[in-house]
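J.: dropping the sequence and predicted coords here.
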Amino acid sequence: QVQLVESGGGSVKPGGSLELSCVASGRTFNGGALGWFRQPPGKEREFVAAITWNSGTTYYHPSVEGRFPISRDRAKNTVSLQMNSLQPEDTAVYYCVATTSIYAGNFFSTRIYEYWGQGTQVTVSS
């Protein structure tokens, strides 16, 4: 059984930082990718970032590129999202996601990700 377990959410003031981590268990993701989506209050889920498991190639939504570097630790089966310069518009539930194939389609689409974590709340407020 595949599980994605997120940690690291919380509340922070504007300009602050948080790091999210996701531990994947139940299978390896060679040939696939892991990443993050978020769902702001009252809005649709949106892509944040993804990283291919083998090569470490990264993909970002323009709104977070340069602020939210994504990384993976293959030995620990973990993907992390370092969130810097957080703003109120970054407030959302953040979900860890995984796809078993980097050829499944557009990384920005929810449809290619077979596995989802339970979500962790990030709140940015003064």
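T.: Thanks, I have the structure now. Numbers count the residues shown, from 1 in each chain.
J.: hmm, who's touching stretch 37-44?
T.: 45-48, 89-95, 97, 110, 113, 119, 122 (Cβ atoms under 8 Å, 6 or more residues apart in numbering). Using the backbone N, CA and C atoms, a C-beta is placed for each residue, glycine as well.
J.: check contacts around the most centrally placed residue in the chain.
T.: Nearest to the mean C-alpha position of the chain, by Cα atoms, centre = their mean, lies W36 at 1.9 Å. W36 sits next to 20, 22, 48-50, 70, 79, 81, 94-97 when contact means Cβ under 8 Å, 6+ apart.
J.: switch the residues you listed over to a markdown table; also include pLDDT, neighbour count and secondary structure.
T.: Converted to a markdown table, these look like this (pLDDT from 0 to 100; neighbours: other Cβ atoms under 10 Å; DSSP: H, G, I helix; E, B strand; the rest coil):
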| residue | pLDDT | neighbour count | secondary structure |
| --- | --- | --- | --- |
| L20 | 98 | 25 | strand |
| C22 | 98 | 26 | strand |
| V48 | 98 | 25 | strand |
| A49 | 98 | 23 | strand |
| A50 | 97 | 26 | strand |
| I70 | 98 | 21 | strand |
| V79 | 98 | 29 | strand |
| L81 | 98 | 25 | strand |
| Y94 | 98 | 23 | strand |
| Y95 | 98 | 23 | strand |
| C96 | 98 | 28 | strand |
| V97 | 98 | 24 | strand |
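J.: phi, psi of E89?
T.: Recorded main-chain torsions at E89 are phi -70, psi -10, according to degrees, to the nearest 10.
J.: excluding covalently adjacent residues, which one is nearest to it?
T.: Using Cβ to Cβ, 6 or more residues apart in numbering and skipping the chain neighbours, the partner closest in space to E89 is P40 (7.4 Å).
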